[in-house]
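Engineer: Kindly return the folded structure for what I paste below:
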Amino acid sequence: MRYFKKIVGERIYLSPINVEDVEKYTEWMNDIDVTINLIAAPNIYSLEKEREALIMLSKEGYNFAIVTLDKDELIGNCGLVSVNLIHRTAEAGIFIGNQNYWNKGYGTEAMNLLLDYGFNLLNLNNIMLRVYSFNKRAINCYKKCGFKEIGRRREATIIGNRKYDQIYMDILASEFQGKIPDKIKG
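Structural biologist: From the prediction side, this is the model:
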């Protein structure tokens, strides 16, 4: 597949989404281990449905493929949705679909790149996200990036007979130190 380095980190970079990756995304979106932490778990994704979603994501908003620097391997995606450039707010979303890259800091690095893009190129002031209370790995990642809990929607998710809170977290531009401003020479 072909990727383009929009925002580059130490081990990964963010690239525009490549619709040709439809088979890989379809595999991930039908993997319960991947989607149980996303709102997409109950959905069934065909190649055609996922292609339509990727086309939409590639044309609208601020959505990226997460790609390794060393192998140019797609490992997930992230993006900003509900972007309001007047009030300077957005909601972040991320997932690492390739389980070989779980618990190794790739999600934290990708989220920091996304925040750098949002705060320093889009000039946003507040970026929020939602996460299920059972998703401890994601919550720890978000805290490392500087997100703070701002509220909960109690028992908002039911899986089997267990009820879980949906946690709302956010971060302000004043709480984030990015690397993009360092690229300006002069």
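
Engineer: ok now do the closest residue in space to N84 that isn't next to it in sequence, which residues does it touch?
Structural biologist: Of all residues not flanking N84 in the chain, A90 sits nearest, at 7.1 Å (C-beta to C-beta, 6 or more residues apart in numbering). Bear in mind the C-beta positions are built from the backbone N, C-alpha and C, glycine included. Residues in contact with A90 (C-beta atoms under 8 Å, 6 or more residues apart in numbering) are 62, 80-84, 118, 122, 124, 126-128.

Engineer: could you flag which of the residues you listed are buried?
Structural biologist: Neighbour-count burial (16 or more other C-beta atoms under 10 Å) is assigned, among the contacts of A90, to 62, 80, 83, 118, 124, 126-128.

Engineer: tell me which helix or strand of this structure sits lowest on mean pLDDT?
Structural biologist: Within the chain, no helix or strand scores below helix 32-35, which has a mean of 92 by mean pLDDT, DSSP states H and E.

Engineer: Tell me how far the biggest helix by length in the chain lies from the chain's centre.
Structural biologist: Once the chain is assigned using DSSP state H, the helix that runs over the most residues is helix 106-120. The chain centre lies 9 Å from the centre of helix 106-120; the measure is C-alpha atoms, centre = their mean, to the nearest Å.

Engineer: when you give positions from now on, start the count at 40
Structural biologist: Sure, I'll start counting at 40 from here, so that last one is helix 145-159.

Engineer: is it true that I206 touches F173?
Structural biologist: No: using C-beta atoms under 8 Å, I206 is not in contact with F173; the gap is 10.1 Å.

Engineer: still on that earlier bit, in its sheet, what does the helix or strand harbouring the residue nearest to N123 sit against?
Structural biologist: A129 is part of strand 128-135, with elements assigned from DSSP states H and E. Strand 128-135 has the following strand partners under DSSP bridges: strand 113-123 (antiparallel), strand 165-171 (parallel).
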